[in-house]
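> make a model of this:
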Amino acid sequence: MNEINIKIPLHKLQDLMISHVRYSLPRHTYIVSETIHDVKTYWSVLSSNTREVITRDINEHLKRWASDRNNAFHKLDYDSWEELFDWINESRSSTSTTVTTAKPLVPVLPVIDLKQRER
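Numbers count the residues shown, from 1 in each chain. Alright, predicted model coming up:
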């Protein structure tokens, strides 16, 4: 597979990701799985605003097309979007607890007695 690495501003990547999701939501092709993979891959670098827009768009799609879960042709894609929505919500939960319970960089910090060091 050919691969190129390009540099783009973060705000442009975020705009592209929102467009990527919005284009893919009503589709029933390979692009759904590609988009979901990309969202998961780049989720950690997206701003909270971009994450909220993507989450809202997926949620609205799931509500609007809830009947698709009963349609054999659309069920796979609906389930995939629903799975991503659940993944996003799980990520939110784990992120919020991780932030409040930060772990130290080293297990034990050395204690230095400066008075003893001067001697």
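
> tell me how far stretch 74-90 lies from the chain's centre.
13 Å (CA atoms, centre = their mean, to the nearest Å).

> no no, stretch 78-94
The answer for stretch 78-94 is 9 Å, by CA atoms, centre = their mean.

> what sits up against that stretch?
25, 32-33, 36, 39-40, 43, 51, 54-55, 58-59, 61-62, 65, 68-69, 71 (CB atoms under 8 Å, 6 or more residues apart in numbering). Every residue, glycine included, has its C-beta placed from N, CA and C.

> now the buried members of these.
25, 32, 36, 39, 43, 51, 54-55, 58, 61-62, 65, 68 (16 or more other CB atoms under 10 Å).

> by pLDDT, give me the weakest of these.
The member of the buried ones among the contacts of stretch 78-94 with the lowest pLDDT is D68, at 73.

> quick one, what contacts that residue?
H74, K75, D77, Y78.

> and which of these is nearest K12?
D77 (27.2 Å; CB to CB).

> show me the contacts for H28.
Contacts of H28 by CB under 8 Å, 6+ apart are F73, H74, D77.

> okay, it: pLDDT?
92.

> ditto for L13
L13 carries a pLDDT value of 97.

> name the element it belongs to?
Per DSSP states H and E, L13 falls inside helix 10-24.

> identify each buried residue in that helix, please.
Result for helix 10-24 [16+ other CB under 10 Å]: buried residues Q14, M17, I18, H20, V21, S24.

> other residues contacting that helix?
Helix 10-24 has contacts (CB under 8 Å, 6+ apart) with 8, 31-32, 34-35, 38-39, 42, 45-47, 50, 53-54, 57-58.
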